[in-house]
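Q: 3D model of this:
(one chain, ligands or ions: 2)
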Amino acid sequence: MTNDVEVLGGARLLIVDDDASNLASLTRIFEREGVEVISASNGDEALEILRRVRVGVCLTDLMMPKTNGLELMRAAQTVSPETVFILMTAFGTVEKAVEAMKEGAWDFVTKPFKRIQIVRAVRRALDRQELVRENEILRAQLEESHRGRAVIGNSLAMRRTLDLVSQVAPSSATVLLLGESGTGKELIARAIVRGSGRATGPQVAVNCAALPDSLLEAELFGHEKGAFTGASTMRKGRFEMADRGTLFLDEIGETSPQVQVKLLRALQEGEIERLGSSQPRSVDVRIVAATNKDLAAEVEAGRFREDLYYRLNVISITLPPLRDRKDDIPLLAQHFLRLYAEKNQKQFDGISDAAMDRLMAWSWPGNVRELENAIERAVVLSRGDSIDVDALPPQIHQGNTDLRTLSIPIGTSLADIENTVIRETLNATKGDKKMAAQLLGIAVRTIYRKT
Ligand SMILES: Nc1ncnc2c1ncn2[C@@H]1O[C@H](COP(=O)(O)OP(=O)(O)OP(=O)(O)O)[C@@H](O)[C@H]1O
Ligand SMILES: [Mg+2]
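A: Ligands and ions are numbered 1, 2, ... in the order given. Just a heads-up that it's a prediction; the model follows:
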């Protein structure tokens with residue numbers, strides 16, 4: 001496995017030259033510059049490397065037997081589109097280099113060149129790659145704070161959970177997140193990814209329940225051109241995209257036996273195969289998985305592979321249901337009130353004592369998600385200075401756990417009605433999307449699209 005890749009955070013440099021002494025001296029130059037270098041002595045070898053590992057910059061000789069620099073660059077556009085190319089051309093072949101620039105090469109240098117020239121050209125390209133990455137991270141962080149992605153909670157149970165999160169986040173260990181629907185597994189998964197040493201690496205997420213089996217396999221492991229009808233081009237899977245980063249496998253309890261076998265191999269050997277190919281590719285991916293199923297019981301019932309369960313269960317974090325940490329209710333309610341008041345451009349002084357009593361008394365089968373929905377609804381419906389009991393959903397308002405009716409004001413749009421019905425059904429099924437879909441007579445995928 002590629003252990004070396006974790007040491008350096010920066011972009012990698014791939015040097016390709018068929019002249020062995022040139023290759024050696026270039027490699028030395030950049031290693032001394034502190035750049036992580038991989039070298040290849042021909043175009044095919046280089047392409048193989050580009051397939052397997054993330055390369056920021058490729059410095060390649062233009063004239064090489066068999067696959068030349070230009071052909072390599074063209075091929076790389078499909079297997080590694082993020083890599084930028086710098087071509088080394090001999091005197092008299094500058095025309096070719098110009099052609100390459102038109103096709104998207106980043107830069108070229110003409111031989112013979114001075115050390116400082118080539119170093120400067122490569123530096124510029126590496127810096128640019130670094131910048132692109134930093135921007136991506138920055139953008140992601142901004143999005144997080146705007147979406148109100150902070151983890152709220154001060155109860156003992158939540159403090160223990162957050163302690164554990166900060167302990168495991170920096171490692172590369174596999175983490176399994178368990179807990180009822182709506183307890184915040186996805187939120188915690190994102191916090192783990194942010195706090196990890198891989199925060200600068202790619203962060204990829206897949207919802208295993210949102211796709212039918214055959215598509216899920218292709219999504220996870222990728223496919224070659226022509227692997228199945230409709231596979232008109234090669235596509236990298238999420239595992240390959242997450243190389244050197246983290247892959248979040250949500251709803252892992254919903255995977256089929258066939259997908260489970262492949263996941264096991266990916267975790268155990270760090271290897272995957274694209275559909276339609278028998279060539280193993282190594283991937284260096286940290287896995288964070290989540291499910292609202294009782295995975296141990298699923299193993300017991302023969303629906304989930306035991307060996308995969310143990311692979312995933314290196315560190316497991318179980319998120320407590322909201323009814324077991326009622327101390328957090330006021331904090332969470334205030335948090336969501338601020339969030340949704342701002343979104344709806346309204347202002348409230350707070351939540352009335354009577355309404356807070358109701359919130360504290362309710363059992364929250366849908367956990368934090370249900371609370372969030374209740375507050376959002378109350379914000380939309382309330383006209384006064386504070387949130388009062390009558391703005392709360394009827395079952396909470398009346399404190400009747402068995403009441404399962406909906407009342408919808410005349411004049412509500414069909415789209416809103418649909419959303420409300422789906423949301424309330426999900427609350428009633430404690431977040432079980434399959435059951436909700438059955439009750440509503442719609443596809444599970446539709447539920448994922450609408451929530
Ligand atoms: N501790 C928390 N602080 C703030 N918001 C929270 C917290 N826990 C959950 N939420 C919010 O509640 C909603 C549901 O959380 P999330 O999607 O993480 O649940 P989940 O456990 O993944 O549920 P499911 O099993 O149904 O997928 C999200 O909008 C999330 O931001
Ligand atoms: Mg989730």
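
Q: Check the stretch 101-250 of the chain for the residue nearest ligand 1 and tell me.
A: residue 184 (2.7 Å; Cβ to the nearest ligand atom). C-beta here means a position set from N, CA and C on the backbone, and glycine is covered the same way.

Q: so how far is residue 34 from that residue?
A: 41 Å (Cβ to Cβ, to the nearest Å).

Q: Give me the more crowded residue out of those two.
A: Ranked by neighbour count (other Cβ atoms under 10 Å), residue 184 and residue 34 place residue 184 first, with 23 against 8.

Q: Touching, the more buried one and residue 152? I think so.
A: No. Under the criterion of Cβ atoms under 8 Å, residue 184 is not in contact with residue 152, lying 9.0 Å apart.

Q: quick one on the thing from earlier: give the full set of residues in contact with the residue of the stretch 101-250 of the chain closest to ligand 1.
A: Residues near residue 184 by Cβ atoms under 8 Å, 6 or more residues apart in numbering: 151, 319, 367, 368.

Q: okay, now the second one: neighbour count?
A: By other Cβ under 10 Å, the residues close to residue 319 number 24.

Q: Ok, the third one next?
A: A total of 24 residues lie near residue 367 under the criterion other Cβ under 10 Å.

Q: about what we covered before: out of the contacts of residue 184, list just those in helices.
A: 367, 368 (DSSP state H).

Q: Make CSV out of the contacts of residue 184 and add distance to residue 262 and pLDDT.
A: Output for the contacts of residue 184, formatted as CSV (distance: Cβ to Cβ, whole Å; pLDDT from 0 to 100):
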residue, distance to residue 262, pLDDT
151, 32, 87
319, 27, 95
367, 31, 95
368, 33, 96
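
Q: ok, which of the contacts of residue 184 also contact ligand 1?
A: 151, 368 (Cβ under 6 Å from any ligand atom).

Q: okay, now the residue of the stretch 51-200 of the chain found nearest ligand 2: neighbour count?
A: Nearest residue of the stretch 51-200 of the chain to ligand 2 (Cβ to the ion) works out as residue 186 at 4.0 Å. Using other Cβ under 10 Å, residue 186 is surrounded by 19 other residues.

Q: And residue 342, by the same measure?
A: 12.

Q: Below-threshold pLDDT in this structure: ranges please.
A: Residue ranges of the chain with pLDDT under 70: 1-10, 134-149, 199, 230, 399-405.

Q: try 80 this time
A: Scanning the chain for pLDDT under 80 picks out 1-11, 91-93, 130-149, 194-200, 214, 228-233, 398-412, 450-451.

Q: So which bits of it are right by ligand 2?
A: 185, 186 (Cβ under 5 Å from the ion).

Q: the domain parsing of the chain - what is it?
A: 4-138, 152-320, 324-450 (automatic domain parsing).

Q: Identify each of the strands in the stretch 301-450 of the chain and give its residue range.
A: With DSSP state E, counting those that start in this stretch as the criterion, the stretch 301-450 of the chain has strands at 315-318, 350-351, 386-387.

Q: Ligand 1 is nearest to which of these?
A: The nearest among these, by Cβ to the nearest ligand atom, is strand 315-318 at 10.9 Å.

Q: Show me what the closest one is packed against.
A: Contact here means 3 or more Cβ pairs under 8 Å, 6 or more residues apart in numbering; DSSP states H and E; on that basis strand 315-318 packs against helix 156-168, strand 175-178.

Q: Give me the nearest residue to residue 366, chain neighbours excluded.
A: Leaving aside its sequence neighbours, residue 366 sits nearest to residue 427 (Cβ to Cβ, 6 or more residues apart in numbering; 4.1 Å).

Q: Which of the three states applies to the residue of the chain positioned farthest from its centre?
A: Distance from the C-alpha centroid of the chain peaks at residue 92, with 47.2 Å (Cα atoms, centre = their mean). Put simply, residue 92 is coil when judged by DSSP: H, G, I helix; E, B strand; the rest coil.
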